[in-house]
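J.: everything below, folded, please.
(one chain, ligands or ions: 2)
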Amino acid sequence: MEQLKGIPVSPGIAIGEVHVWQAEEAFNVSLRYVQEEDIPKEITRFEDALTRTRAEILDIRKKIARQIGRESSDIFNAHLMILEDRTLIEDVIALIKGKKIICECAFATVIQRYFTAFSQIDDEYLRERISDIKDVGRRLLKNLYGEKGAPPKFKQKGIVVAHDLSPSDTAMMDKDKVIAFITEIGGPTSHTAILGQSMEIPVVVGLDHVTSKITTGDTIIVDGTHGIIIISPDKETIEEYARLQKRFTDRITQLDEKLRDLPAETTDGHRIHVAANIEFHDELPSVISHGADGIGLYRTEYIYMNRLDLPSEEEQFQAYRQVVEKMDPQPVVIRTLDLGGDKFLSSLDVAREMNPFLGWRAIRFCLTRVDVFKVQLRAILRASVYGRLKIMYPMISNVYELRRANEILEECGAELKKEGLPFNPDMEIGAMIEIPSAAIISEILAKEVQFFSIGTNDLIQYCLAVDRVNEKIAYLYEPTHPAIIKLIKLVVDNGHAQNRWVGTCGEMSADPAIAILLTGLGIDEISTSPFVLPKVKKAIRSVSYQDCKRIADRALTFQTGEEVRKFLDEELKRIASDLVEE
Ligand code: PEP
Ligand code: MG
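T.: Numbering: from 1, shown residues only. Ligands and ions are numbered 1, 2, ... in the order given. Prediction:
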C-alpha cells in the first residue's frame with residue numbers, strides 16, 4: 001500500500017482498477033468516416049504529417065550525430081525508410097479512398113497489419129523492427145492529432161491514469177466507463193479538471209511520476225476531495241473509503257432533495273442566482289436535478305472539438321435551441337467560441353503558439369475569423385426565440401473588441417431579418433471579465449453590455465501570472481489573493497453603478513466559503529459545476545446578507561491570500577459546520 005499526494009481538482013471518491021493511458025493506445029483509433037468531397041483533404045493531411053514527421057526525424061538524427069556520433073544516428077535511417085515506404089503510403093491512401101475513413105484510422109489500420117506481419121516472421125532482426133515501426137507510427141499519429149494521441153477506450157469501468165489528458169481527449173471518454181482520472185501534470189482549473197467535475201467524478205492532478213508507479217489492472221483509491229491516491233490498498237482501507245464514498249454521495253443526494261426547489265436566499269431575504277456551467281447538452285438532467293436557477297456558462301467550444309469539419313449554423317442552432325428550450329423559463333448564458341489556451345480544435349488550422357493562453361484565441365480569433373464567428377452568432381440569435389437566452393463574449397480586453405463583436409452581432413441580426421428568420425432583438429449581451437485590463441476598465445465596458453460574468457479561472461491566471469494548467473506553480477494559484485478580491489469588488493461596483501448585473505462563472509465560487517464572500521461583495525449570480533450547487537445554496541441559506549457584507553469587508557483588509565483563506569474557513573465553520581470538508 002502506497003499513498004501519493006497531488007492537487008485535488010474534482011471532489012469525490014473512486015475505488016477501482018486502473019487503466020494506464022499509454023502511447024501504445026495511439027494505434028487504437030476510433031473509426032470515423034469522411035464525406036466523399038473531403039477525401040482529398042484527408043490525403044493532404046496524411047501527406048503533410050509524413051513531411052512533418054520526416055523533418056522531425058531528420059532533425060533528431062542530426063542532433064544525435066552531433067552529440068553521440070554518426071553510428072548511433074544511423075538507427076533513424078530505419079525510421080526514415082518506413083516513412084518513405086511506397087507500399088505503406090499507397091495502402092493508407094487506398095484505405096482513405098476505398099473506405100472513406102479519416103487518415104488516422106487508415107494509417108493505424110495499415111500499421112497494425114505491419115505489426116502482425118512482422119511479429120510472425122521467424123527472424124529476430126526483423127521482429128525487432130516492430131519497435132521502429134511503432135516509434136514512427138506514434139510520431140506520425142501525434143502529428144496528425146496535433147495533441148497527445150487518441151483518447152483511451154475501455155471494456156469495463158476504470159480509473160484513467162495518464163501523464164496528461166487534453167480537454168479533447170477527456171471530452172471523448174466514455175462517460176459510463178471512467179470513474180475517475182489522475183494525471184502527472186495539470187493545474188487546478190485546467191479544462192480537463194473542469195470536465196471531471198462535469199462528469200461528477202474525482203480528479204487529482206500533479207501526481208509526479210504516477211504512471212511509472214501504477215500499472216493497468218492495479219487497484220487504487222482516488223480521493224478527489226483531498227488529492228490523495230492509495231495504490232494497492234488493503235481490505236480495511238478499501239472498506240473505510242467505501243464508507244466515505246457512500247457518505248459523500250449520500251450528502252449530495254440529501255442536499256439535492258432538501259434544496260433543489262429552494263432559492264439561494266440569505267436568512268434576511270437577499271437572493272442570489274445560482275446557475276450551472278455546462279459543456280454538453282447531455283448535462284441538462286444533472287443541472288435540473290441539482291436545482292440550478294439556469295445556466296450561467298455554456299462553453300460552446302466542445303461542439304467544435306474532436307471533428308474535422310466545423311459545425312454548421314443549423315447544427316449549432318439545434319444544439320443551442322435544445323438547451324434553451326429545456327431550461328425555459330430559466331435563463332441560459334451562451335458563451336461564444338473560446339478557442340485556445342488549453343483547448344485546441346482539429347477543425348481549425350490554428351498554429352501552436354509559444355504562449356497559447358496569451359495568444360490568438362477566443363474573441364481575438366473570432367474577430368479575425370468573422371466567417372466562423374458569424375455562423376455561431378446566427379445560430380445563437382435563431383435559438384434566442386426559444387427561451388431566455390443571453391450571449392457573452394470571452395476574453396474581452398478592451399472596448400474595441402466589445403464594440404466590434406456587437407457590430408457583427410447586429411449585422412447577423414440584420415441578415416436574419418432580411419431572410420425572415422425570427423430572433424430576439426433584445427437578447428441580453430454580456431462581457432466576460434477575465435483579463436485584469438477589462439476589470440480595471442469595467443466602468444467603460446459596462447456602457448456596452450447588459451451584464452458582466454467574471455471568469456475567475458482566467459482572471460486569477462492573468463492577474464497573478466500563474467499558468468492555470470501548470471502543477472509546478474499551482475501553489476501560487478490563489479483565489480483568495482487580495483488582488484483578486486479587490487478586482488471582483490471593483491467589477492461589481494462598476495457594474496452596479498450602471499445597473500448591470502454581475503455574476504461569476506469560475507471554479508472558485510464552487511467553494512461554499514468563497515460563495516459567502518462573493519455574496520458579500522455584491523455578486524448577483526454564481527455559476528459553477530452543477531453538482532456543487534447544493535452546497536453553495538446551503539451556505540447562502542445559512543447566513544444573513546448583513547453577515548456576508550461584514551465578511552467581505554473584513555476579507556478586503558487582509559494582506560495575504562492565506563489570511564483570507566483562514567478567515568473564510570473559520571467563518572464557514574461557524575455558519576455551516578457540516579459544509580466543512582473533513
Ligand atoms: C473562467 O475563465 O473563469 C471561465 C469560466 O472560463 P473558462 O474556464 O472556460 O476559461
Ligand atoms: Mg476563461
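J.: what residues does this protein have near ligand 2?
T.: Residues of the chain that fall close to ligand 2, judged by CB under 5 Å from the ion: 434, 455, 458. Where you see a C-beta, it was placed from the backbone N, CA and C, and this is true even at glycine.
J.: ok, whatever residue of the stretch 301-450 of the chain ends up closest to ligand 1 to Leu297 distance?
T.: Here the stretch 301-450 of the chain gets closest to ligand 1 at one residue, Glu434, 4.6 Å apart by CB to the nearest ligand atom. Separation of Glu434 from Leu297 (CB to CB, to the nearest Å) stands at 11 Å.
J.: could you pick out the residues of this structure near ligand 1 for me?
T.: 297, 299, 338, 434, 455-458, 505-506 (CB under 6 Å from any ligand atom).
J.: from the centroid of the chain, which residue is nearest?
T.: What sits nearest the mean C-alpha location of the chain, by CA atoms, centre = their mean, is His191, with 2.3 Å.
J.: so that residue touches Asp342, yeah?
T.: Yes. Contact criterion CB atoms under 8 Å: His191 and Asp342 qualify, at 5.3 Å.
J.: and the closest residue in space to Asn277 that isn't next to it in sequence, what are its phi and psi?
T.: In space, and not counting its chain neighbours, Asn277 is closest to Leu297: 4.3 Å by CB to CB, 6 or more residues apart in numbering. Leu297 adopts backbone torsions of phi -160, psi 110, taken as degrees, to the nearest 10.
J.: compute the number of surrounding residues for Leu297.
T.: Per other CB atoms under 10 Å, the neighbour tally for Leu297 reads 26.
J.: so it sits against Ser527, correct?
T.: Yes. With contact defined as CB under 8 Å, Leu297 reaches Ser527; the gap is 5.2 Å.
J.: and the residue nearest to Asn277, what does it touch?
T.: Leu297 sits next to 275, 277-278, 333, 335, 453, 505, 527 when contact means CB atoms under 8 Å, 6 or more residues apart in numbering.
J.: which residue sits closest to the residue nearest to the centre of the chain, ignoring its sequence neighbours?
T.: Closest residue to His191 apart from its sequence neighbours, by CB to CB, 6+ apart: Pro167 at 4.0 Å.
J.: tell me the confidence at that neighbour?
T.: Model confidence at Pro167, given as pLDDT, is 76.
J.: so what's the residue count around it?
T.: By other CB under 10 Å, the residues close to Pro167 number 25.
J.: pull the residues that contact the strand or helix carrying Ile444.
T.: Using DSSP states H and E, the element containing Ile444 is helix 442-445. By CB under 8 Å, 6+ apart, the surrounding residues in contact with helix 442-445 are 396, 399, 402, 431, 433, 438, 452, 490-491, 494-495, 497-498.
J.: now the two most distant members of the residues you listed.
T.: By the measure CB to CB, those have their two most distant members at Ile396 and Ala497, which lie 18.5 Å apart.
J.: how is this protein partitioned into domains?
T.: For the chain, the structural domains run 2-23+163-251, 27-149, 260-576, going by automatic domain parsing.
J.: OK, contacts around the residue nearest to the centre of the chain?
T.: Going by CB under 8 Å, 6+ apart, His191 touches 167, 170, 341-343.
J.: any chance of the residues you listed in a markdown table, plus secondary structure?
T.: Shown next, in a markdown table, are the contacts of His191 (DSSP: H, G, I helix; E, B strand; the rest coil):
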| residue | secondary structure |
| --- | --- |
| Pro167 | helix |
| Thr170 | helix |
| Gly341 | coil |
| Asp342 | coil |
| Lys343 | strand |
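J.: which one of these is nearest to ligand 2?
T.: Gly341 (7.4 Å; CB to the ion).
J.: could you find the closest non-adjacent residue to the closest one?
T.: Nearest non-adjacent residue to Gly341 (CB to CB, 6+ apart): Phe357, at 4.7 Å.
J.: one more: Val332?
T.: Nearest to Val332 is Ile295, by CB to CB, 6+ apart, at 4.4 Å.
J.: can you read off the pLDDT for that neighbour?
T.: Per-residue confidence for Ile295 comes out at a pLDDT of 98.
J.: pretty sure it sits against Val333.
T.: Yes. Proximity of Ile295 to Val333 meets the contact threshold set by CB under 8 Å, at 6.2 Å.
J.: shared neighbours, those two?
T.: With contacts defined as CB under 8 Å, 6+ apart, the residues shared by Ile295 and Val333 are 275, 527.
J.: tell me the pLDDT at the closest residue in space to Glu2 that isn't next to it in sequence?
T.: Excluding the flanking residues, the one nearest Glu2 by CB to CB, 6+ apart is Ile231, at 4.4 Å. Looking at Ile231, its pLDDT stands at 95.
J.: for Ile575, give its distance to ligand 1.
T.: Per CB to the nearest ligand atom, to the nearest Å, Ile575 is found 25 Å from ligand 1.
J.: that residue: neighbour count?
T.: Using other CB under 10 Å, Ile575 has 22 neighbouring residues.
J.: so which helix or strand takes in Leu459?
T.: For Leu459, the host element (DSSP H and E) is helix 456-464.
J.: mean confidence score for that helix?
T.: Averaging pLDDT along helix 456-464 gives 97.
J.: what's that helix packed up against?
T.: helix 436-440, helix 482-497 (3 or more CB pairs under 8 Å, 6 or more residues apart in numbering; DSSP states H and E).
J.: got the contact list for Asp48?
T.: Counted by CB under 8 Å, 6+ apart, Asp48 has zero contacts.
J.: could you identify the longest helix within the protein?
T.: Criterion DSSP state H: the longest helix present in the chain is helix 39-67.
J.: tell me the buried residues in that helix?
T.: Using 16 or more other CB atoms under 10 Å as the test for burial, helix 39-67 gives 39, 42-43, 45-46, 49-50, 53-54, 57, 61, 64.
J.: cool, and stretch 370-387?
T.: Counting neighbours by 16+ other CB under 10 Å, one finds that the buried residues in stretch 370-387 are 372-384, 386-387.
J.: neighbours around the residue nearest to Ser529 when sequence neighbours are not counted, how many?
T.: Closest residue in space to Ser529, ignoring its immediate chain neighbours: Gln197 at 3.9 Å, by CB to CB, 6+ apart. Residues within reach of Gln197, counting by other CB under 10 Å, total 24.
J.: what angle sits between the helix or strand that contains Gln197 and helix 456-464?
T.: Element membership of Gln197, judged by DSSP H and E, is helix 191-198. Helix 191-198 and helix 456-464 are oriented at 150 degrees to each other (axes from the mean of the first three to the mean of the last three CA atoms, to 10 degrees).
J.: now do the helices in the stretch 451-582 of the chain.
T.: Assigned by DSSP state H, counting those that start in this stretch, the helices in the stretch 451-582 of the chain fall at 456-464, 482-497, 512-521, 533-541, 545-555, 561-575.
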